[in-house]
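S.K.: Sequence first, predicted coordinates after that:
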Amino acid sequence: MNSASLTAPLASLGRATLGLMAAAGRLAMFAGSAISHLFRPPFYIAEFWRACLNIGWLSLPVVGLTALFTGAALALQIYAGSARFSAEQVVPSITAIGMVRELGPVLGGLMVAARVTSSIAAEIGTMKVTEQIDALTTLSTDPMKYLTVPRMLAATLCVPVLVGIGDIIGIMGGWMLGTSRLGFNSTTYLKVTWDFLQFWDVGSGLVKGAAFGFIVAIMGCYYGMNSQRGAQGVGRATKSAVVAASVAILTVNYLLTEAFFSA
C-alpha cells in the first residue's frame, strides 16, 4: 500500500473541513453585510410590513397548534414520570419552565424555519433564476437592502412574539390536560405556574426567539441569493436552507442555554 492511498482519507477530510470553513466564512460575511445595511437608507417599509405579515401573522396557526399539543404532551409525560415518586404537584411548574425556556423557543423556531426559510429561499432563488435580481441591480436597487434586510428585521422582531404567544398556548395546553384528565384544580394549577416562573425564564426564551428569527431569515436569503440556475438549483437551495437553519437553531439554542443557565 503506497503513501498516497494512506493519506487519501486525510486529504478528503481536510478538503471537507476547508470547504465547511469557507462556507461558514461566506455566510458570516453575508450576515455582517446585511446587518451593516440595516442602518443605512433607503428603507423599504412596505417590504418590511409584507415580511411581517408572512413571517409573523401567517406562521401563528402552525406555531400555536404545535405549542398547544406540545404543552399537553409535556404535562402528561411529566405527570407519568413524577407519579413514580409521588411528586405529581410539580407538573404545573415543570411544564411551564420546560415550555418557556426550551420547547417554546426551539419548536417555534423550527416550525418557522420549516415554513419561512423554505419560502424565502424559494422566492429569492426563483428571482435569481429569472434574472429579477439582476433587474433590481440595473434599476439601482440594492438586492441586499430590498430583499434581505426587511426579511431579516421582520423575522428578528416577529419570532420572539410568536414564541411568547406559543409559550402561553403551550402552558394552556398543559392546564387543559391537567384540569380535565389529571385531576388538578384550575386555580391552583395557574397559581403554581405563575408563582414558579421568573422573569428571566420568559426573557431567555424571547432572546432565543430573536436569535432564531435572525437565523431563519439569513439562511433563507443566503441560500436563495446563492442558488444555482434552473429548477433543480432552486430546489437544492431551498432544502439546504431549511437544513442549515434547523441545525443552526439547535446549535445556537445549546450555546444560549449554556450562557444563560450554566451557573
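M.R.: Yep, that arrived. Keep in mind the model is a prediction, meaning the values are calculated, not measured. Residues are numbered from 1 along each chain as shown.

S.K.: contacts, neighbours, all on C-alpha from now
M.R.: Noted.

S.K.: For the top helix by length along the chain, buried residues please.
M.R.: Criterion DSSP state H: the longest helix present in the chain is helix 3-37. By 16 or more other C-alpha atoms under 10 Å, the buried positions in helix 3-37 come out as Leu27, Phe30, Ala31, Ala34, Ile35, His37.

S.K.: Look up how far Ile45 lies from the fourth one.
M.R.: If you measure Ala34 against Ile45 using C-alpha to C-alpha, to the nearest Å, the figure is 16 Å.

S.K.: Just name whatever secondary elements the helix or strand just after the longest helix of the chain is in contact with.
M.R.: Next in sequence after helix 3-37, counting helices and strands by DSSP states H and E, comes helix 45-55. Using 3 or more C-alpha pairs under 8 Å, 6 or more residues apart in numbering; DSSP states H and E, the elements in contact with helix 45-55 are helix 149-180.

S.K.: now the angle from the helix it packs on to helix 3-37?
M.R.: Between helix 149-180 and helix 3-37, the angle comes out at 90 degrees (axes from the mean of the first three to the mean of the last three C-alpha atoms, to 10 degrees).

S.K.: Off-centre distance for helix 149-180?
M.R.: Chain-centre distance of helix 149-180: 12 Å, with C-alpha atoms, centre = their mean, to the nearest Å.

S.K.: Can you name every helix or strand that that helix contacts?
M.R.: helix 3-37, helix 45-55, helix 60-82, helix 91-98, helix 104-112, helix 186-196, helix 199-225.

S.K.: could you redo the last one with a cut-off of 6 Å?
M.R.: Packing partners of helix 149-180 (3 or more C-alpha pairs under 6 Å, 6 or more residues apart in numbering; DSSP states H and E): helix 45-55, helix 60-82, helix 104-112, helix 199-225.

S.K.: Tell me how many other residues crowd Arg229.
M.R.: Applying other C-alpha atoms under 10 Å, we find 14 residues neighbouring Arg229.

S.K.: nope, Val62 is what I was after
M.R.: Neighbourhood size, Val62 [other C-alpha under 10 Å]: 15.

S.K.: and what of Phe43?
M.R.: For Phe43, using other C-alpha under 10 Å, the count is 15.
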